[in-house]
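Novice: Okay, predicted coordinates and the sequence, questions at the end:
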Amino acid sequence: MSPPLPFDLPLRKQGIVLPVGAPDAWDGGMVESPTVWMDAPGRYGMVYTGYDLRHPGMKGYGSVGRPRIGLAWSTDLRNWSKDPRNPILAGSTMPGAPDSHGTAGPLVWKQDGVYYLYYFGTTAEGYEAGRKTLNLATSTNLTDWTRHPSNPVLEPQGTGWCRDAIWHPNIVEKAGRFYLFVNASGIVDGIEEEYIGVVVSDDLVDWRLPEPSGPLLVGSRQPGQWDARGRTGDPSVFKRDGVWFMAYYSWDGVSTRDGLAWTSEDAFPYGWQPFDENPILDIGPSGSFDALHAGKPFVVWSDAGVYHHFYTAVAGDETRQVALALGGRAAHPLNSSKALAR
């Protein structure tokens, strides 16, 4: 039996919090895939993916060029301002490099005054195009970035769930070990899709598959269900009241929606089970800002115990922007400051 949800449903949609840029801006084609951390008390940072608009008058996947990483700031998790230094990290443009054409799906982990920026690199022009691998850059000021000499730090391998591509990362720390939850493209039970798995590290650089490996969560694959295609992607993992939770997205072949899974302290990082209430975030009505897709979650708990669910909202015309939904107040305060943006 699933534990009680740590917030109330339905989630309350707050609308777009990070809009697409002007048509001639570096992020004028689309913005998506937000992740958030507490940079200092009362100050939150967000990294996100932005695409330039290569074909004015068009929208959607075919209209954009290369992905780059942007930065935004907030003091209340609702009102965000884009950093004037944007974009903070673009593709290397080096022939043969794992991020030659773009940087996407970012995550910042701050450790001992150093920002670790994880992202998947792209190697061809267009939306998430070419080979996808996990890469790392570090900085002390969010401006001057050093790509790790061992990039990519994680790449496709084997013949199973992570055979073809590495996508969006999320990191949690437990007992001095780092767990990187990631969705990868591969094959499970003869079905090619994206599936969530985990890799581990003791130093935030050397990532390896644990034993056992394999997907942690697979969609139902049941016709007519919100997760009919079996996909599980963009994991956002957090701990609440002694239980581990994972927000993730799936799709039915037309629209994406967000769900939630859980596991126990003893079973972590394995044992994930979906909630009966899934999906916890549905698409909006026709004509709304998220009428086509409401997916790719990232979860943040405020100090007041409010559940903040950031996601990529896609309208019917394929305008792609960052939106926010809120859950009810939790019964207990935050477990730890580390858990805030994890």
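Specialist: Sure, I can see it. Every value quoted in this text rests on a predicted model; they were computed, and no experiment measured them.

Novice: check which helix or strand covers the residue of the chain most remote from its centre.
Specialist: The outermost residue of the chain relative to its centre, with distances by Cα atoms, centre = their mean, is residue 57 at 28.1 Å. For residue 57, there is no helix or strand it lies in under DSSP states H and E.

Novice: do residue 197 as well
Specialist: strand 191-201.

Novice: these two touch, right, residue 27 and residue 90?
Specialist: No - contact between residue 27 and residue 90 fails when scored by Cβ atoms under 8 Å: they sit 11.5 Å apart. For the C-beta atoms, the positions are set from N, CA and C on the backbone; glycine is no exception.

Novice: Between those two, point out the one with more neighbours.
Specialist: residue 27 (27 against 17; other Cβ atoms under 10 Å).

Novice: May I have the secondary structure class of the more buried one?
Specialist: coil (DSSP: H, G, I helix; E, B strand; the rest coil).

Novice: Identify the residue nearest it in space, chain neighbours excluded?
Specialist: residue 50 (2.8 Å; Cβ to Cβ, 6 or more residues apart in numbering).

Novice: number of nearby residues for the one you found?
Specialist: 28.

Novice: before we move on, the earlier item: could I get the pLDDT score of the residue farthest from the centre of the chain?
Specialist: Predicted confidence (pLDDT) for residue 57: 88.

Novice: how near is it to residue 63?
Specialist: Going from residue 57 to residue 63 by Cβ to Cβ, to the nearest Å gives 8 Å.

Novice: what about the spatially most central residue of the chain, is that helix, strand or coil?
Specialist: In the chain, the residue lying closest to the centroid (Cα atoms, centre = their mean) is residue 234, at 4.4 Å. Following three-state DSSP, residue 234 is assigned to strand.

Novice: Can you verify my assumption that it contacts residue 251?
Specialist: No - between residue 234 and residue 251 there is no contact under Cβ under 8 Å: 11.4 Å.

Novice: what touches both of these two?
Specialist: residue 295 (Cβ atoms under 8 Å, 6 or more residues apart in numbering).

Novice: shared neighbours of residue 27 and residue 90, which are they?
Specialist: Contacts common to residue 27 and residue 90, judged by Cβ under 8 Å, 6+ apart, are residue 68.

Novice: just to revisit the earlier point, any idea which helix or strand carries the residue nearest to residue 27?
Specialist: Using DSSP H and E, residue 50 falls in strand 43-53.

Novice: So for stretch 35-43, mean pLDDT?
Specialist: 96.

Novice: Please read the previous query as pertaining to stretch 64-79.
Specialist: The average pLDDT for stretch 64-79 rounds to 97.

Novice: send the alpha carbons of it over as CSV?
Specialist: C-alpha atoms of stretch 64-79 as CSV (Å, rounded to 0.1, in the frame of the first residue of the first chain):
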residue,chain,number,x,y,z
VAL,A,64,14.8,25.6,-33.1
GLY,A,65,18.6,25.4,-33.4
ARG,A,66,21.1,24.5,-30.7
PRO,A,67,20.3,24.2,-26.9
ARG,A,68,22.1,26.3,-24.4
ILE,A,69,21.9,26.6,-20.6
GLY,A,70,20.4,29.6,-18.9
LEU,A,71,20.2,30.8,-15.3
ALA,A,72,17.4,32.6,-13.4
TRP,A,73,16.9,33.9,-9.8
SER,A,74,14.1,34.1,-7.3
THR,A,75,13.5,35.0,-3.7
ASP,A,76,10.1,33.3,-3.4
LEU,A,77,10.2,30.4,-5.9
ARG,A,78,7.4,32.0,-7.9
ASN,A,79,8.8,35.2,-9.4
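
Novice: Pull out the buried residues from that stretch.
Specialist: 64-72, 74, 77 (16 or more other Cβ atoms under 10 Å).

Novice: Could you pull up the contacting residues of the closest residue to residue 24 other than its chain neighbours?
Specialist: With sequence-adjacent residues excluded and distances taken as Cβ to Cβ, 6+ apart, residue 24 is closest to residue 53, at 7.7 Å. Residues in contact with residue 53 (Cβ under 8 Å, 6+ apart) are 23-24, 28-29, 63-65.

Novice: try 6 Å
Specialist: Each residue near residue 53 by Cβ atoms under 6 Å, 6 or more residues apart in numbering is listed here: 23, 28-29.

Novice: ok, now how distant is the residue nearest to the centre of the chain from residue 257?
Specialist: For residue 234, the distance to residue 257 - Cβ to Cβ - is 12 Å.

Novice: How about residue 239?
Specialist: When residue 239 is compared with residue 257 (using Cβ to Cβ), they lie 24 Å apart.

Novice: Tell me which of those two has more neighbours.
Specialist: Taking neighbours as other Cβ under 10 Å, residue 239 and residue 257 compare with residue 257 leading, 22 against 19.

Novice: Strands - which of the buried residues of stretch 64-79 land there?
Specialist: 64-72, 74 (DSSP state E).

Novice: Which two of these have the greatest separation?
Specialist: Greatest spacing in these, by Cβ to Cβ: 65 and 74 (27.5 Å).

Novice: Burial check on residue 287, number of neighbours?
Specialist: 9.

Novice: Helices along the stretch 51-200 of the chain, start to end?
Specialist: Assigned by DSSP state H, counting those that start in this stretch, the helices in the stretch 51-200 of the chain number zero.
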